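1. What follows is a predicted protein model with its sequence.
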Amino acid sequence: MLTKLDLRESRDQVLRLPFDSLTRWPAKDQMPGGYDPNALLEEGKNPGLGVRALHTEGIDGRGVGIAIVDQPLLEKHTEYAARLVRYEKLGVVSKLDSPRMHGPAVASIAVGKDCGVAPEA
């Protein structure tokens, strides 16, 4: 469990750890100096390339429909669930039809409410 570790001397390793909003970290005094996982999560939501400035100008995908053909989605994912108009699994049905990383990542980048380039599409 991460919560029981002393990570103060492990900055390089901690910077390479995958994590999400459900990750439970050690107390702040057991973390590398200046490392703030919540700030990193927020920073990671910025799509970059000046896209947020476009959003403030009203260029946000409103009135645009986007079709994504990819791996299965997490249909109730908070980042894009409200933007799904239609969802259909196509192709061969198998044990591998469970959601993976790529489909949800593409949907989040395309229409995600916090990190999408077209959050109103």
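-> Yes, it's here.
2. any idea how far Pro26 is from Arg86?
-> Here Pro26 is placed at a distance of 43 Å from Arg86 (Cβ to Cβ, to the nearest Å). Glycine gets a C-beta too; all of them are placed from N, C-alpha and C.
3. which one of these two has more residues nearby?
-> Between Pro26 and Arg86, counting by other Cβ atoms under 10 Å, Pro26 is the more crowded of the two (15 against 6).
4. So Gln71 versus Ala118, what's the distance?
-> Taking Cβ to Cβ, one finds Gln71 at 20 Å from Ala118.
5. neighbour-wise, which of these two wins?
-> For Gln71 and Ala118, the more surrounded residue by other Cβ under 10 Å is Ala118, and the numbers stand at 20 against 17.
6. Which helix or strand contains the more buried one?
-> Assessed by DSSP states H and E, Ala118 sits outside every helix and strand.
7. Not counting residues beside it along the chain, what's closest to it?
-> Gly61 (2.6 Å; Cβ to Cβ, 6 or more residues apart in numbering).
8. so who does that neighbour touch?
-> Shown in contact with Gly61 (Cβ atoms under 8 Å, 6 or more residues apart in numbering): 111, 116-121.
9. what's the spacing between it and Ala67?
-> Gly61 is 13 Å from Ala67, by Cβ to Cβ.
10. three-state assignment of Ala105?
-> Recorded secondary structure, Ala105: helix (DSSP: H, G, I helix; E, B strand; the rest coil).
11. Now do it, the pLDDT please.
-> If you check Ala105, the pLDDT there is 92.
12. next one: Lys95
-> So Lys95 comes in at 62 (pLDDT).
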